[in-house]
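Chemist: pasted the sequence and its predicted model underneath.
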Number of protein chains: 2
Amino acid sequence: MRSEADVEPRLRDALEQLTAHPGKLIRAGLVYTAARHFGLGPSAAERLACGVEYFHVASLVLDDLPCMDDATMRRGLPCVHRQHGDATAILAALTLINRAYALIAAALAAQPRRVRTEAAACLDRSLGVAGSVGGQAWDLAFAATDRTARTVSRIAARKTGALFGLALLLPATLARPSSAERRALHALCVYWGQLFQVADDLRDVLANSFDAGKTTGRDRPLARPNLAHALGVEGARRRMARLAAQAEHVLTALELHGGTRWAHLRAASLAFRPALALPEPVRTAA
Amino acid sequence: MRSEADVEPRLRDALEQLTAHPGKLIRAGLVYTAARHFGLGPSAAERLACGVEYFHVASLVLDDLPCMDDATMRRGLPCVHRQHGDATAILAALTLINRAYALIAAALAAQPRRVRTEAAACLDRSLGVAGSVGGQAWDLAFAATDRTARTVSRIAARKTGALFGLALLLPATLARPSSAERRALHALCVYWGQLFQVADDLRDVLANSFDAGKTTGRDRPLARPNLAHALGVEGARRRMARLAAQAEHVLTALELHGGTRWAHLRAASLAFRPALALPEPVRTAA
């Protein structure tokens, strides 16, 4: 440690690994497009998008820890804790979380108080006990629940849905949505979040770790909620088709109601398709 | 999991344990008094104080983990991870961190942009790689450094000093300090933060875990930075006396310059005394 500004080498390496392999950046893309659409300048939109993506990456790093999902691979590489140790993984996640809050505060600093207050409430709901942290706690405690598909879905709504919802709802605070629009956006969060979760559950069952780029086949030995276990593979595929149809329905209603105001969401729904592709072809809704 | 609002029982128990045993609340007291002094209403001041305290408690929970300091006791009780598991301890810490950001955003929502921007920068500096997270990374990597007293002090400045500084500097953003006052406040942070760190280092060496209410005697076997090891017990005591004198000097200068504007800091310095008491009497400065 030569000066006060030095970053400890393992922490620096961990942060470099995380930023050098950014994944599909689905959430960042969603936030950036929406924020620009609602009038935020390019650098503020970038900060907002980075912030949401950092929360997502931090949650992956922590979920992969031995005391959580004990994963070994992520994004085609050994997990951060496998490369740099558990302590460094935790500190890297905390670094991302703190930067995320700083970036989001900077992005929204010029917004009126109403927008800032709603954005803070959105972060609180999405990341706290009612959101991703609470969902992860239930995920780990799943073995002690009734293990029904309903409970699996409720846990997914909090664990994946909440962070996905953040990407949708945080930039939407800029648009000051009506209560009807707000309800529709919440519904879209639930459907899209669940859609990604079921795809992830199916991938855990169907794919090998090499193709998925992350550790698969872990949900059953760890007794973790997985809709492909609760409903069977075919049942989970039917659920995906139903969720896609429900999301489509909400999206169409938003377009009819708000015109081009929500056009970026249509673009997003098209952009999601590759990320929702499964190892075997998915049957489409009738 | 009966409804979406349910908190998973282990996480709820961990959060209840943490809030039921709040410790000495030194940082909360400092923030509340300063925020009221600078005109914040009682409920906003309480939120700001809670937020800073939550960051501190979260850092203790994480530092106690087996992959960090592997402590067994904290505040006279088994550590959170010993009672509720590592995963729950991490999730409890994240819950506190997210609540802390929400509380601080709510406390400062009505402030002008300049104050909010400075508060966000203060959080970023105190909690990121330049602050407590970066300090903790160096703390864990101490064995690989030159292990000099200078390095011990630099690590302490980031690890303990940064969080202590947050309690001092965050409410001070409300006062829009001059650059001279800002420099003096930073110096006070360094001296007070180091003072608490040296007291903690001496306690690790001198006290048993029962009296300290937390695991002691861990720094040497874990090769962690400790000024009582680097300077010897007598040297560390002399350092404490010197730091107390340096802090006193800055405080007097602030009082001469700003009159009653910084009077709450004098009250704080008196309130600290019991927390800085050591198992054996400390020699006072000549």
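Modeler: Thanks, I have it. These numbers come from a predicted model, not from an experiment.

Chemist: any weak-confidence spans in the stretch 151-286 of chain A?
Modeler: A:210, A:279-286 (pLDDT under 70).

Chemist: show me where it has its strands.
Modeler: Taking DSSP state E, counting those that start in this stretch, the stretch 151-286 of chain A contains no strands at all.

Chemist: contact residues of it facing chain B?
Modeler: Within the stretch 151-286 of chain A, the positions near chain B by CB under 8 Å from any CB of the partner chain are A:151, A:154-155, A:157-158. All C-beta spots, glycine's among them, are computed from the backbone N, C-alpha and C.

Chemist: same list, those residues, but as JSON lines with neighbour count please.
Modeler: Shown next, in JSON lines, are these (neighbours: other CB atoms under 10 Å in any protein chain shown):
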{"residue": "A:151", "neighbour count": "17"}
{"residue": "A:154", "neighbour count": "21"}
{"residue": "A:155", "neighbour count": "26"}
{"residue": "A:157", "neighbour count": "20"}
{"residue": "A:158", "neighbour count": "27"}
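
Chemist: quick one, what contacts the residue lying closest to residue A:90 once chain neighbours are set aside?
Modeler: Spatial nearest neighbour of residue A:90, chain neighbours left out: residue B:62 (6.3 Å); criterion: CB to CB, 6 or more residues apart in numbering or on different chains. Each residue near residue B:62 by CB atoms under 8 Å, 6 or more residues apart in numbering or on different chains is listed here: A:90, A:94, B:68, B:89-90, B:93, B:136.

Chemist: quick one: residue B:62 from residue B:241, how far?
Modeler: According to CB to CB, to the nearest Å, residue B:62 and residue B:241 sit 32 Å apart.

Chemist: same question, residue A:172
Modeler: 57 Å.

Chemist: just to revisit the earlier point, how close does the residue nearest to residue A:90 sit to residue B:21?
Modeler: Note on residue B:62: its distance to residue B:21, by CB to CB, is 17 Å.

Chemist: residue A:274 too?
Modeler: 50 Å.

Chemist: same question, residue A:234
Modeler: Distance of residue A:234 to residue B:21, computed by CB to CB: 51 Å.

Chemist: more neighbours, those two?
Modeler: residue B:21 (13 against 10; other CB atoms under 10 Å in any protein chain shown).

Chemist: count the residues that sit near the nearest residue to the more buried one once chain neighbours are set aside.
Modeler: Excluding the flanking residues, the one nearest residue B:21 by CB to CB, 6+ apart is residue B:75, at 4.7 Å. Neighbours of residue B:75 under the rule other CB under 10 Å: 17.

Chemist: is it true that residue B:75 touches residue B:212?
Modeler: No. Counting by CB atoms under 8 Å, residue B:75 does not reach residue B:212; the two are 10.0 Å apart.

Chemist: packing partners for whichever strand or helix holds residue A:97?
Modeler: Using DSSP states H and E, the element containing residue A:97 is helix A:86-108. Packing partners of helix A:86-108 (3 or more CB pairs under 8 Å, 6 or more residues apart in numbering or on different chains; DSSP states H and E): helix A:9-20, helix A:42-63, helix A:80-84, helix A:113-127, helix B:86-108, helix B:113-127, helix B:132-140.

Chemist: tell me which of those helices lies nearest to residue A:256.
Modeler: With CB to CB as the criterion, residue A:256 lies closest to helix A:113-127 of the helices and strands packed on helix A:86-108, at 24.7 Å.

Chemist: need the contact partners of that closest one.
Modeler: A:55, A:101, A:104, A:108, A:111, A:131-133, A:162-163, A:165-166, A:169-170, A:173-174, A:176, B:94, B:98-99, B:101-102, B:105-106, B:109-110.

Chemist: again, but for stretch A:30-37
Modeler: A:42, A:44-46, A:48-49, A:52-53, A:107, A:167-168, A:170-172, A:174, A:263-265, A:267-268.

Chemist: check stretch A:164-172 too.
Modeler: Here stretch A:164-172 has contacts from A:26-28, A:30-31, A:34-35, A:37-38, A:40, A:48, A:52, A:55-56, A:104, A:119, A:122-123, A:126-127, A:131, A:181-182, A:185-186, A:188-190, A:192-193, A:196, A:265, using CB under 8 Å, 6+ apart.

Chemist: tell me, how many residues neighbour residue A:277?
Modeler: By other CB under 10 Å, 12 other residues sit near residue A:277.

Chemist: could you pull up the contacting residues of it?
Modeler: Counting by CB under 8 Å, 6+ apart, residue A:277 has no contacts.

Chemist: next one: residue A:222
Modeler: A:69-70.

Chemist: next, count neighbours for the residue nearest to residue A:261 when sequence neighbours are not counted.
Modeler: Nearest residue to residue A:261, sequence neighbours excluded (CB to CB, 6+ apart): residue A:175, at 6.9 Å. Neighbourhood size, residue A:175 [other CB under 10 Å]: 19.
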